[in-house]
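K.L.:
sequence plus predicted model, see below.
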Amino acid sequence: MPYQWTSEPGQTPQTLHLWPHNSLPARGMAAFVLSTFTLICIPTLPLLGSPILWGLLPFLLAAVWGIYFALQRNHRARQIKEVLTLGEKDAQLIRTEPGGEVHAWDCNRYWTTITKYEKDGPVPQYVTLSGMGREVEIGSFLSEEERISLYEELQRAWTR
């Protein structure tokens, strides 16, 4: 699961860290780009020494650069972090966007409502926290099954 409680269930404050899936680490990305470059170059080996190679080379390098650029952009987009802290009387959700922008939400735990929209949200099983006149999403980058599990864990944590 791409989320983890960093404190014991009975401890105060309870802290929940959430992050998106990161299935391709930096070394894996480098290996993928290198293997793609190698496989693209294999058909050009018979063209070594001919002027046709110089005509194809810019397109081959552009294809490899495009793959690298897309993977880098995807990696940067997955740098979202959410931290939910549950104190004795208050709850705080801090979301850090990929660009470094920080959004914070605070509320009294007693007045907080946890809602799961099964079909009415932007994604199925959409989980929100409501309080202080605001409704904020939590774990929007998780899969459907993970959001269901998160909702159940949040319900248990709120009742403690």
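P.N.:
Yes, it's here. Numbering: from 1, shown residues only.
K.L.:
can you point out the buried residues in the one helix or strand Leu129 maps to?
P.N.:
Element membership for Leu129 (DSSP states H and E) is strand 126-131. For strand 126-131, burial by neighbour count (16 or more other C-beta atoms under 10 Å) applies to 126-129, 131. In this view, the C-beta of every residue, glycine as well, is placed from N, C-alpha and C.
K.L.:
what of stretch 152-160?
P.N.:
For stretch 152-160, using 16+ other C-beta under 10 Å, the buried residues are 154, 157-158.
K.L.:
please apply the same query to stretch 78-94.
P.N.:
By neighbour count on 16+ other C-beta under 10 Å, the buried set for stretch 78-94 is 78, 82-86, 91, 93.
K.L.:
same question for stretch 54-65.
P.N.:
Val64.
K.L.:
so how far is it off the chain centroid?
P.N.:
32 Å (C-alpha atoms, centre = their mean, to the nearest Å).
K.L.:
what's the average pLDDT for that stretch?
P.N.:
Stretch 54-65 carries an average pLDDT of 95.
K.L.:
picking up where we left off before, elements contacting the strand holding Leu129?
P.N.:
In terms of contacts (3 or more C-beta pairs under 8 Å, 6 or more residues apart in numbering; DSSP states H and E), strand 126-131 is packed against strand 90-96, strand 102-108, strand 113-117, strand 134-137, helix 144-159.
K.L.:
in its sheet, what does it sit against?
P.N.:
strand 113-117 (antiparallel), strand 134-137 (antiparallel) (DSSP bridges).
K.L.:
quick one, which of these is nearest to Gln14?
P.N.:
strand 113-117 (14.0 Å; C-beta to C-beta).
K.L.:
identify each buried residue in that closest one, please.
P.N.:
Residues of strand 113-117 classed as buried: 114, 116 (neighbour count, 16+ other C-beta under 10 Å).
K.L.:
what about Arg109, how many neighbours?
P.N.:
14 (other C-beta atoms under 10 Å).
K.L.:
roughly how far does it sit from Met29?
P.N.:
According to C-beta to C-beta, to the nearest Å, Arg109 and Met29 sit 41 Å apart.
K.L.:
how about Gly131?
P.N.:
Look at Gly131 and Met29: by C-beta to C-beta, they are 40 Å apart.
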